[in-house]
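In: my questions concern the predicted model and sequence given below.
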Amino acid sequence: MLKANYSNIWKYFGYILLFTTILSAVLYKPLPEGFTKTKMDRIIMHIVEPALRVAYYYPSRLFSKPSSMVWWTRLALNHMSSTLGITVNTNGVVSSFWRNWNGVNVKIYQPLYNQTETNGAVLFIHGGGFALGNVEMYDSLMRRMTAEMNTMFISIEYRLVPETVFPGNLLDCENAVDYFFANAAAEFGIDTSKVVIMGDSAGGNLATVVAQRRNERNAVPKLAGQVLIYPLVQMADMQTISYRYFFDHLDGLALVDPESVAYYYMFYAGINMDEKKYLVKNVVTNGHISKTVKQDINKIMEHKHSLEITNNYKNATIKSRANVEESIEAQNLLEQLLMNPDIFPLMRKNLSGLPPTLVLTCEFDILRDEGILYADRLKKAGVPTTSINYENGFHAMLNFHSELFEASESVNDIERWILDTIGA
């Protein structure tokens, strides 16, 4: 009897092994050369990336409505993110609690007994294409940085699209920031001259728009700095080299893709994509750019060509620009929006006076070029700007800060820059 049981166990094990092997073979997609920095990171991503495809990428494509696609992706990523950062242990030196500031929920991360090293603070706005993510998804990152920097962090829970569209999401962030500046000194003993705003992806968009708007109205206290992590800052050119590289080398992987950027950005701009989803094919070829705004766009992005020559993916094969599929409807919908810097911050004509800035970009990210271009424009406007491009990095790698070497290194780079900026 015992021998028979062992026989069944080995049989079932064999079935599982066979199923796993077949599944791995079906799902396997080679990662491009240089993707991730260490062999262990590459092994981890060869496990994580197919899991992401199965969990959200493939299922989300089954929905006919983009809003349903957003709903499924949000649900899947919220659950999967709970498995990240579990190795972060702040050893009880960080307390956290929720508050409501001007109608906006924020989570405050405070060094024990509020004994900060800097007397300053960091205001954090999470990414997710304005449609995904939440404060809890970044909880381990906030705890880690609070402990390592011995500095207060505030993470803002702004409303998401498509339920809330521009400017509601931006105003949530501004309302929380305004409350903080009005009350932080009295409530937390914070030196409000030592406050940095920080965000990743769409959060980088919101963070720099908040900084731009404060700068334009001469709001005080002034921000001490801004940290923009692979920021989403424009939709005027969806055929930069980093976008075109995606189609040749990253298409089909569970990484941020051109169509998703178009969907999320247009949702954010208040366009009902359940009704207008057919316009995405025009947008990703730049068919949404009307002759009326083309000249202004070209002037803003005049440095783009020289930057693309320098950042050419080590002469990797990249297709030439696709034929533009023009859409008068898309042009009419977006013409008044494309030059609105409160939605597309790269389009702000005057960037002088903004606070010292750290811009982080990643080689394997369709948003790489616009981040580099924004950093270049800031430098030309006289803004003290540090830009770092992680040659082995990818979009959203910060969410793997405790799992991947280069992601962890990027956190160290951010921490050093902030501590130098606020004069710890």
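Out: Looks like it came in fine. Treat the numbers as computed from the prediction; the structure is a model and nothing was measured. Residues are numbered from 1 along each chain as shown.
In: which non-adjacent residue is nearest residue 128?
Out: Once flanking residues are discounted, residue 128 sits nearest to residue 202: 6.0 Å by CB to CB, 6 or more residues apart in numbering. The C-beta positions use only the backbone N, C-alpha and C, and glycine is treated the same way.
In: please read the previous query as pertaining to residue 241.
Out: That would be residue 308: by CB to CB, 6+ apart, it lies 4.7 Å from residue 241.
In: what's near enough to touch the one you found?
Out: Residue 308 makes contacts with 240-241, 369, as judged by CB atoms under 8 Å, 6 or more residues apart in numbering.
In: check contacts around the residue nearest the centre of the chain.
Out: For the chain, the residue nearest the mean C-alpha position is residue 201 (2.1 Å; CA atoms, centre = their mean). Applying CB under 8 Å, 6+ apart, we find residue 201 in contact with 127-129, 229-232, 256, 367, 395-396.
In: now do the contacts for the nearest residue to it once chain neighbours are set aside.
Out: Sequence neighbours aside, residue 127 is the residue nearest to residue 201 in space, at 3.0 Å (criterion: CB to CB, 6+ apart). By CB under 8 Å, 6+ apart, the contact list for residue 127 reads 133, 199-204, 229, 232, 396.
In: ok, and the closest non-adjacent residue to residue 269?
Out: residue 337 (5.2 Å).
In: what helix or strand is the one you found on?
Out: Using DSSP states H and E, residue 337 sits within no helix or strand.
In: okay, now it: neighbour count?
Out: By other CB atoms under 10 Å, the residues close to residue 337 number 21.
In: just the pLDDT at it, thanks.
Out: Residue 337 is assigned a predicted lDDT (pLDDT) of 95.
In: so what's it up against?
Out: Residue 337 makes contact with 269, 343-344 under the criterion CB under 8 Å, 6+ apart.
In: torsion angles phi and psi at the residue nearest to residue 201?
Out: Backbone torsions for residue 127, taken as degrees, to the nearest 10, come to phi -90, psi -170.
In: what's the answer for residue 248, then?
Out: Here residue 248 shows phi and psi, under degrees, to the nearest 10, equal to phi -90, psi -30.
In: just checking, it touches residue 318?
Out: Yes: Residue 248 is in contact with residue 318 according to CB atoms under 8 Å; the separation is 5.9 Å.
In: more neighbours: which of the two?
Out: Between residue 248 and residue 318, residue 318 has the larger neighbour count (other CB under 10 Å), namely 18 against 13.
In: doesn't residue 242 make contact with that one?
Out: No: in this structure, residue 318 is not within contact of residue 242 by CB under 8 Å, at 9.5 Å.
In: quick check: the residue nearest to residue 201 vs residue 356, distance?
Out: Counting by CB to CB, to the nearest Å, the gap from residue 127 to residue 356 is 21 Å.
In: cool, and residue 55?
Out: 39 Å.
In: again with residue 277
Out: According to CB to CB, residue 277 stands 41 Å off from residue 356.
In: and residue 344, by the same measure?
Out: 22 Å.
In: who has more neighbours out of these two?
Out: Set side by side, residue 344 and residue 356 show more neighbours around residue 344, with 23 against 19, by other CB under 10 Å.
In: quick one: residues contacting that one.
Out: Taking CB under 8 Å, 6+ apart as the criterion, residue 344 is in contact with 233-236, 337-338.
In: from those, pick the one nearest residue 374.
Out: The shortest gap between residue 374 and any of these belongs to residue 233, at 5.1 Å (CB to CB).
In: the closest one: what's it in contact with?
Out: Listed by CB under 8 Å, 6+ apart, the contact set of residue 233 reads 204-205, 208, 344-346, 367, 370-371, 374.
In: so it, which of the three states?
Out: Assigned with DSSP: H, G, I helix; E, B strand; the rest coil, residue 233 falls in the coil class.
In: ok, and the closest non-adjacent residue to it?
Out: residue 346 is the one closest to residue 233 (CB to CB, 6+ apart), at 4.1 Å.
In: one more: residue 212?
Out: In space, not counting the residues next to it along the chain, residue 212 is nearest to residue 348; the distance is 5.5 Å by CB to CB, 6+ apart.
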